[in-house]
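> Kindly generate the corresponding structure for this input.
(4 chains, ligands or ions: 4)
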Amino acid sequence: MTATDAAPGSATAGTSLTDLRMVWRMRAFEEKVRELRLAGDAVGSIHLGIGQEGVATGASGLAGPQDAVFATYRGHSWAISCGVPVEALFGEILGRDTGINGGRGGSAHLTAPAYRFFGENSIVGAGAPIACGAALAGRHDGSDRVALTVFGDGAMNQGAVHEAMNFASAFSLPVVFLCENNSWSELTPIDEMVRDPELFRRAAAYGMPGERIDGNDPQEVRERLGDAFEVAREGGGPTLVEAMTQRLVGHYIGDADQYRRPGERERDAEREPVALLTRRLRESGVSDDEIAAAESDARAEMEAAAAAALAAPLADPATAKEHLYA
Amino acid sequence: MTATDAAPGSATAGTSLTDLRMVWRMRAFEEKVRELRLAGDAVGSIHLGIGQEGVATGASGLAGPQDAVFATYRGHSWAISCGVPVEALFGEILGRDTGINGGRGGSAHLTAPAYRFFGENSIVGAGAPIACGAALAGRHDGSDRVALTVFGDGAMNQGAVHEAMNFASAFSLPVVFLCENNSWSELTPIDEMVRDPELFRRAAAYGMPGERIDGNDPQEVRERLGDAFEVAREGGGPTLVEAMTQRLVGHYIGDADQYRRPGERERDAEREPVALLTRRLRESGVSDDEIAAAESDARAEMEAAAAAALAAPLADPATAKEHLYA
Amino acid sequence: MPDTAVSGPATTGAPSATQDVKELTYGGAVNAALRRCLEEIPETLLYGEDIAKPGGVFGVTRGLRRDFGDRVFDTPISESAILGSAVGAAMLGRRPIVEIMWVDFSLVAFDQVVNQLVNVRYVSRGELVAPVTIRTQQGSAPGACAQHSQSLEALFLHVPGLRVCMPWTAQDAYDLLVAAVHSDDPVLVIENRTLYPAGTGPVRLGGPVQQPGGLRVRREGTDATVVTWGAMTARVLEAAATLAGEGISVEVLETPWLNPFPTDEVAASARRTGALAVVHEANTTGGFGAEVVARVAGEGVALRVPPLRVGLPDTRVPAAPSLAAGLVPGPDAIAATIREWLG
Amino acid sequence: MPDTAVSGPATTGAPSATQDVKELTYGGAVNAALRRCLEEIPETLLYGEDIAKPGGVFGVTRGLRRDFGDRVFDTPISESAILGSAVGAAMLGRRPIVEIMWVDFSLVAFDQVVNQLVNVRYVSRGELVAPVTIRTQQGSAPGACAQHSQSLEALFLHVPGLRVCMPWTAQDAYDLLVAAVHSDDPVLVIENRTLYPAGTGPVRLGGPVQQPGGLRVRREGTDATVVTWGAMTARVLEAAATLAGEGISVEVLETPWLNPFPTDEVAASARRTGALAVVHEANTTGGFGAEVVARVAGEGVALRVPPLRVGLPDTRVPAAPSLAAGLVPGPDAIAATIREWLG
Ligand SMILES: Cc1ncc(C[n+]2csc(CCOP(=O)(O)OP(=O)(O)O)c2C)c(N)n1
Ligand SMILES: Cc1ncc(C[n+]2csc(CCOP(=O)(O)OP(=O)(O)O)c2C)c(N)n1
Ligand SMILES: [Mg+2]
Ligand SMILES: [Mg+2]
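Ligands and ions are numbered 1, 2, ... in the order given. Model prediction:
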């Protein structure tokens, strides 16, 4: 389905507006995080997914309460996609007592199991085998669980990801492997680190279906990733979905981001989800006001949440040794 | 080329007889090792490749002096294939001072760089990345080196092998990945541990050619593996060759080997290389005497070598701490 | 094998429905413990390479697949997938028991222990837990190569958040494993393959679940305290018997739990005897013996002789038995070293 | 940063063609060392993730790809392939220098160090060698998560066959790395990312190649010997300065080489001062501090107070600076602990 199929006020336009609102929430969240980091309120290495929000937006709602989502250090949007309250996310990134992990996880190791978000992981590829375990548990607890594990293009070259894909395939575990291909691994382009840059083809090595989708289009993500969820839930085993996307910013806040190829920025600016959805909504006749409100509402929400998080006390050092053992 | 193409006295018959002689050397070597182990002259875990000799036989002669071969703990035949003197191999397995590594390696960690045999490895899959390094060195020392790394079907599920295959493919390194598929990983069948048991198909994941060959036929191995060597040497990068074979004995000496499937032993007995080559030679009209001599010569050689090895002094404990640092 | 524990293991939980004493090897005791855990904890899963249908390369898990179906299964040769999936399954309410066939192989997947498993509880402030039991075995045995001979407990003992034990007797092989599986913490149980077929003797099955910790006074003595663990205990006891014949009275403390470690009890013994030695099979530098010595020294225990550490010299392990024999401390070498040390 | 080494590093080999003193940061010194090695040893290769075209995530390897072409290259995110290929390339006559971006990431490929790299020379009786230099960096920094904050030197120091150093000054960042690359043994060089932009000062380039080993007396003192290494040295010196103002005279020994470790010199100092403390950023249990204490105790050095170990408490490292500050020992905490210890 393309944008031009949708008449004003149609279901598609409605969906796209909802999607744009979600994309904007993720983007406004991260732009606020960047502001906090540059102001020194947040410290350390922070990895933004600005530009990649189409994927997490399309996925939002696919995971049921019994499911489990595993992300990487670039996982803020995934936490939001799972419904983790943004104030608790800001709090975590700001090292507050009210952070979702009381400051123990920080930006790169967020965990919120109550929201089916089983966490970020700062070791490339390490979340994939862990997701297999969540799926395995579902086979024994009667929960019908699907485990979604998200990782980058670069992670495809990590041994643990290979082992996970084989493990899930051999045992037909309900795992959805989602590769967010932003074409860069930190500062290195994926096409120089593999012989065949069509990464989804690797699925065949495990006898598992694989496909490449447009990660900028939440609707496409919803449909195709949704199919993978369904296959997994019905016992068909794992799928590898390669969502093509782009990060519009540096690998981490502070990365001078000077390694881009000629024409890359222009191309990315055109296809990134805010641009794409805005264009589509305009074409479907949705009003500029509604489109603008998606952004302004999101910014207002994030301003308020960040302010509340900032007002909370810092994590209490006296508790730092707790919870190591039962 | 099939056996029936070959006329008596033809080049093929000659080659096949040479092959049978080599197969018998490997088999007689290992049968002698088994005898020594059961008699208590050798100790510890010893992994025989009885039944799999067709692969190492076909490969013998492919590696030039600048090349490097990396095997697993099931590597006796590969050492023989590289030309390592059998007396030094017996000595090593018997813990003698005259062993190729003075007893430090033992059966499962033989190393003989002077014979381009860069060693066995007792960690499943670990030799594959190391072979990439040998190939990489060749790119810088002007040697035209090809690195051959041999591993089992089970090793295909190990992360390090995946990383090695991608590394070699991405950089077009002259590596030949040779999977000896004997359908068992210790006591577990490979077809229950993967979804698609046609392992050579995994090559496509790396944009690398892959093929399955009959590992029992040294001539086929020589040709097809030889092609892979040539491609590698000419800058075409790595190939994955899956050689179908069978181990006629337990995983290690002492394995009760009771997990075989119905009909498996009968099928294996028919297609293993001694049976195959003997049949082929008979059909080509080679005399029973010549065929019998292949076995008896080999046994005589191994008896003598083992006796000489046994007569040598045990490795000297006073030297046990040497050679840790430069 | 006397068991005159001064610091009896604390117990929690009820004994299992059926209490029983059986003649078992060490390997049989491991099997019995697994069977009990699979029976009494429905959340347990048991998996690893060759452990299900074939019953394990050492036969230790025989019969469990048959009796517990697909809760017991074989895996690909993928240690990262084994350990990683155990972490994930535990996060989602299972209680996985996984086997790493040789401790040496854990190194291909060490990340899943050090960066993943032990962070689960801490980072989530207990909202998630990871009650994973990792069973493995280690140690040197004649003919084994350098890649199959290491004693690596010290690597794991430097990892906060992981409990570690090394049972030596068949009874402890049973009790410690049951304790490990019942523990809400991740626990590494390091067995020893040379012991699997050994040590047939009465093993009490179905007793109360113990808590991690405690030590075993294997021999009382007055001249020196010798701390040891795992298969080395037998060699130390043999050395102690030899020395007793010469009038040297050695107290032998086996510490099957290394995390938590019974520092107070060890220090008290050393204070009493005035001499402390630690004997382990791991190589000396950076071995856990250093930690034991440093803890006792840190407590200000006055010793009449400098503390002694006996371990493998800092070298790789050669395959040839004649070479390894010169390196791995045996009863005679231990006795000789202690004799000379005590002057 | 005074450098009054009592045990001057032994030197081998000739100084490089061009001797020079330059104002450099620690990171700049690393870059200069790499440049020198690439220039003077044609067998060197330099590779790792993001190190070539981008010049490294910390900018440390900038310009080297440009100047040395395909001897310097970027790799996939495949630590087993990086380390494993280094082993193989070294066996075949290269001298690879590889980067593991964070020490924590080495754990996905620890096998290639512990089971592969260090066995090469030993098993082949020197017929093969593996002169690999592994550069990595470690340590906690504000906001870094538990998976990016560990100090793991103790894991590597338990591995016979691997040399290990942890330079602190820019000069040592240069000298030790040059020594590592020239050494015929595998060497792990653990840098510290918080130091890369720091420590601008004159660095003598092109001097004679040192041999692994030696120590640096960073401050002389009479009341206690404090041994430390890496970035912790600065905190210990700050604490020592504070204590000096109170009349407590602390001798600070920095041991940038941990394998080989200058046991004799440390013991001699402890004998002189009668008190020994070890301070490191790694968590205490199983840390290398235990080894240092155990060695000195094993030499029978008489101490007037029990030896002291200061490290991270045995816990994971939380991301929030307020939490981490309560755990990672800073200058004030170190001073307070030493003050109390010396009574
Ligand atoms: C095992 C491991 N190796 C290296 C790193 C350092 N590192 C962090 S992110 C990253 C790039 C990952 O690229 P990709 O998988 O494409 O994900 P992206 O960052 O683009 O989302 C690297 C190399 C790490 N965290 N873990
Ligand atoms: C990393 C690692 N995991 C497990 C083992 C134990 N192990 C030794 S051989 C083997 C089976 C290997 O099967 P395959 O790769 O098919 O080779 P084969 O033995 O059949 O030649 C296993 C699991 C090991 N040596 N290393
Ligand atoms: Mg990427
Ligand atoms: Mg096999």
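> and C:Leu308, what are its bridge partners?
C:Ala277 (DSSP bridges).
> Could you pull up the contacting residues of it?
In this structure, C:Leu308 makes contact with C:Ala275, C:Leu276, C:Ala277, C:Val278, C:Thr337, C:Ile338, C:Trp341, D:Gly298, judged by C-beta atoms under 8 Å, 6 or more residues apart in numbering or on different chains. No exception for glycine: its C-beta is placed from N, CA and C like everyone else's.
> Go ahead and build a ChimeraX selection from the buried members of the residues you listed.
Burial among these is assessed by 16 or more other C-beta atoms under 10 Å in any protein chain shown; the matching ChimeraX selection reads:
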select /C:275,276,277,278,337,338 /D:298
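> Tell me the bridge partners for A:Gly210.
Here A:Gly210, judged by DSSP bridges, has bridge partners A:Leu240.
> surely it meets A:Leu240?
Yes. Counting by C-beta atoms under 8 Å, A:Gly210 does reach A:Leu240; the two are 4.0 Å apart.
> More neighbours: these two, which one.
Between A:Gly210 and A:Leu240, counted using other C-beta atoms under 10 Å in any protein chain shown, A:Leu240 has the larger neighbour count: 28 against 23.
> Please report the distance of the more buried one from ligand 3.
15 Å (C-beta to the ion, to the nearest Å).
> I'd like the contacts of C:Leu308 as TSV, with distance to C:Gln210 appended.
Shown next, in TSV, are these (distance: C-beta to C-beta, whole Å):
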residue	distance to C:Gln210
C:Ala275	30
C:Leu276	26
C:Ala277	27
C:Val278	24
C:Thr337	33
C:Ile338	31
C:Trp341	34
D:Gly298	34
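> Tell me the one among the contacts of C:Leu308 nearest to A:Leu48.
Comparing those against A:Leu48 with C-beta to C-beta places C:Val278 closest, at 50.4 Å.
> Could you single out the nearest of the contacts of C:Leu308 to ligand 3?
Distance to ligand 3 across these (C-beta to the ion) is lowest for C:Val278, with 48.4 Å.
> Now do the phi/psi pair for the residue nearest to that closest one when sequence neighbours are not counted.
Leaving aside its chain neighbours, C:Val278 sits nearest to C:Gly289 (3.7 Å; criterion: C-beta to C-beta, 6 or more residues apart in numbering or on different chains). Backbone torsions for C:Gly289, taken as degrees, to the nearest 10, come to phi -60, psi -40.
> Any part of stretch C:72-92 near ligand 1?
No. Using C-beta under 6 Å from any ligand atom, stretch C:72-92 stays clear of ligand 1, coming no nearer than 10.8 Å.
> now that stretch: how far from the chain's centre is it?
21 Å (C-alpha atoms, centre = their mean, to the nearest Å).
> Could you see whether chain B lies near that stretch?
Yes. Stretch C:72-92 comes into contact with chain B (C-beta under 8 Å from any C-beta of the partner chain), by way of C:Asp74, C:Thr75, C:Pro76, C:Ile77, C:Ser78, C:Glu79, C:Ser80, C:Ala81.
> any idea which helix or strand carries the closest residue to ligand 2 within the stretch 201-343 of chain C?
The stretch 201-343 of chain C approaches ligand 2 most closely through C:Ala319 (14.7 Å), counting by C-beta to the nearest ligand atom. Using DSSP states H and E, C:Ala319 sits within no helix or strand.
> who's in contact with the nearest residue to A:Pro313 once chain neighbours are set aside?
In this structure, A:Pro313 finds its nearest non-sequential neighbour in A:Asp97, 5.1 Å apart by C-beta to C-beta, 6+ apart. Counting by C-beta under 8 Å, 6+ apart, A:Asp97 makes contact with A:Gly91, A:Gly103, A:Ala312, A:Pro313, A:Leu314, A:Ala315, A:Asp316.
> which residues sit in contact with the last one?
When the contact criterion is C-beta under 8 Å, 6+ apart, the partners of A:Asp316 are A:Asp97, D:Ser322, D:Leu323.
> Among those residues, name the ones in helices.
D:Ser322, D:Leu323 (DSSP state H).
> of the contacts of A:Asp316, closest to B:Ser122?
Of the contacts of A:Asp316, the one sitting nearest to B:Ser122 (C-beta to C-beta) turns out to be D:Leu323, at 42.9 Å.
> Could you report the pLDDT at the closest one?
As predicted, D:Leu323 sits at a pLDDT of 97.
> you'd agree it is up against A:Gly95?
Yes. With contact defined as C-beta under 8 Å, D:Leu323 counts as touching A:Gly95 (7.3 Å).
> Which one's more surrounded, the two?
Between D:Leu323 and A:Gly95, counted using other C-beta under 10 Å, the more crowded position is A:Gly95 (29 against 26).
> Settle this for me: the more buried one is touching A:Gly103, isn't it.
Yes. Look at A:Gly95 against A:Gly103 with C-beta under 8 Å: they come within range, at 4.4 Å.
> overlap in contacts of the two?
A:Leu314, A:Ala315, D:Ala319, D:Ala320, D:Ser322, D:Leu323.
> Tell me the residue of the stretch 201-326 of chain A that sits nearest chain B?
A:Gly207 (3.3 Å; C-beta to the nearest C-beta).
> Show the contacting residues for the spatially closest residue to C:Arg235 that is not a sequence neighbour.
Leaving aside its sequence neighbours, C:Arg235 sits nearest to C:Pro331 (C-beta to C-beta, 6+ apart; 4.7 Å). By C-beta under 8 Å, 6+ apart, the residues touching C:Pro331 are C:Arg235, C:Val236, C:Glu238, C:Ala239, C:Thr242.
> what ranges do the helices span in the stretch 201-343 of chain C?
Using DSSP state H, counting those that start in this stretch, the helices found in the stretch 201-343 of chain C span residues C:232-245, C:263-273, C:288-298, C:321-325, C:331-342.
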